[in-house]
Structure formats: structure tokens, C-alpha cells
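In: Requesting a structural model of the entry that follows:
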Amino acid sequence: MTVADLLKLCEDAVVDHRRATPGPWTWWTSNSFRRLSSPKGDGDVLCGYRSPHDGVVDIVGSDHNKNFIATVREREPVIAEALRDLLKALEACFERNQLSADGFIEILEANRRLRLKLVEACDLAATLMGDRDDPRIIELRQEATR
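Out: A predicted model of the protein is given here:
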């Protein structure tokens, strides 16, 4: 995966994020079905309900919110792995002095943008999972902010 491919994946995830209900999202559990809510509404992101006609339980949520959740889940491992590979390649090139000054600055700038996107992706994943203390999220966030 090239740096351009990785940036495209990150940018697509950010576009999906902008279309979804603004966060932060939190899980509400009192007095009803569990529901994922923004600060502006109770269950406005995802909400369970039981159909009065046939008793079937389902989830209600906008297509943008559902697409965003699926996109983050699908792309997070790819982005994290590609970022790790990019950092390893950068370190190896730097150690062998195979980068020009311009090339090195370009890679550093791409790395900075990727780290910012990864921090944003970690925050979004933690919100979606409802667990900011998940060790996988903490580890990725620490790697991104080193």
C-alpha cells in the first residue's frame, strides 16, 4: 500500500465521519433498549425497538451512521497496519541515508497527517465501542502520538 492509498483510506473514513451524526457518541441504557446517542438526542445514532405489528426486534439508525460504523470497523485494521509498515520503511530508509532532504520532508509531512488521522480514528473507534479504556485503542493512540 502506498502513502497515497493510505491517505485515501483515511480521507474516505473522515468523509463518512462528517456525514454521520456529530459526536461524541455514548451508550445509554436506562429505562429502555440500549441506544447510541449524541449530545443532541436520545438514541439518535442507533436505537433498538420492537415492532408493534409482529414483535420483531430491530435497530433504527440513519444510513450515514450505519455506513460510518461499518467503514471504521473495516478500515481501522488496514490503516493501522499500513501506518506501522510506513513507519518501519521510513526508519529503514533513514538509517541507510537513502532519502533526499525533500523526500524526507515529504514523508514526514505524510506521516504527520497519518498520525493525526489515526488519532481521530482511535477516538471514533473508542466512541463506537463505548470503551475508551480498550487496550487496543490505547496502544494505537500511543503509537500515533509518539
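
In: which residue sits farthest out from the middle of the protein?
Out: H53 (36.9 Å; C-alpha atoms, centre = their mean).

In: Phi and psi next, for that one.
Out: Dihedral pair for H53: phi -80, psi -40, per degrees, to the nearest 10.

In: Also K40?
Out: The phi and psi torsions at K40 (degrees, to the nearest 10) take the values phi -90, psi -10.

In: Buried residues of the helix or strand hosting L86, list them for me.
Out: Using DSSP states H and E, L86 sits in helix 63-95. By neighbour count on 16 or more other C-beta atoms under 10 Å, the buried set for helix 63-95 is 65, 68-69, 71-72, 75-76, 79-80, 82-83, 86-87, 90. To be clear about C-beta, it is placed using only N, CA and C from the backbone, and glycine gets the same treatment.

In: those helices in the protein, which residues are they?
Out: For the chain, applying DSSP state H gives helices covering 3-19, 63-95, 101-129, 135-144.

In: Who are the packing partners of the second one?
Out: Spelled out, that is helix 63-95. helix 3-19, strand 41-50, helix 101-129, helix 135-144 (3 or more C-beta pairs under 8 Å, 6 or more residues apart in numbering; DSSP states H and E).

In: same deal with the last one?
Out: In this structure, helix 135-144 makes packing contacts with helix 63-95, helix 101-129, judged by 3+ C-beta pairs under 8 Å, 6+ apart.

In: That helix vs helix 101-129, what angle?
Out: Orientation check (axes from the mean of the first three to the mean of the last three C-alpha atoms, to 10 degrees): helix 135-144 against helix 101-129 gives 160 degrees.
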